[in-house]
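sharing a sequence plus its predicted fold:
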Amino acid sequence: MKCFTIKKLDDIYELESFDYNIQGFHYPIKKNKSGSLKIKELIIVSPDITTSLICYNFNKKYQKIVEYFFNNSDFDDESTGTNLMLALDEVARLRTIIINKYERFLKKKEAEELLKRLKVLENELRVKIIDFKLIKEQELINKEERGKAR
């Protein structure tokens, strides 16, 4: 894998204008606490680095959804159905981001793999939502039957 280093220059050098028309992946930099680097954005031209970076960011978001999916495995909470629907919306949002925004930066094999993982997670979420609805419906029927008996 290719690597790079950033060397600190003296403060006397300052880049005032940078208007090269470089085609690549624009990656914004978060401001760090020290503030020593005054970089706003990186333009990554290498497809290998771009693919690795996008896959890394995708894996972080995917892992959050999966953890959320397993943490809501009990059906006792009333907001579980809503939370599962929000997770399903997040999966759909990630899919549209990959298709619309990252399609030209990702290699075809990696894009297909990410979309396949999202499809599997979406199917699992749909099954869990259906199970949740069936359990709630069964509880409602049981409450009605208990209320009618004297």
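Now that the structure is in, tell me what you want to look at.

since we're on residue 116, how many residues are nearby?
For residue 116, the count of nearby residues is 10 (other CB atoms under 10 Å). Quick note: C-beta positions are derived from backbone N, CA and C, even for glycine.

check residue 135 too.
Neighbours of residue 135 (other CB under 10 Å): 14.

got it, and residue 29?
For residue 29, using other CB under 10 Å, the count is 11.

how about it, phi and psi?
Per-residue torsions, residue 29: phi -100, psi 130 (degrees, to the nearest 10).

that one touches residue 43, doesn't it?
No: using CB atoms under 8 Å as the test, residue 29 is too far from residue 43 to be in contact (11.3 Å).

centre-most residue in the protein?
Centroid-nearest residue in the chain: residue 61, 3.1 Å away (criterion: CA atoms, centre = their mean).

what's the helix or strand for it?
Secondary structure assignment for residue 61, by DSSP states H and E: helix 47-71.

so what does that helix touch, helix or strand wise?
On a contact count with 3 or more CB pairs under 8 Å, 6 or more residues apart in numbering; DSSP states H and E, helix 47-71 meets strand 25-28, helix 80-100, helix 108-148.

strands paired with the shortest one, and their directions?
When pairing is defined by DSSP bridges, strand 25-28 lines up against strand 41-44 (antiparallel).
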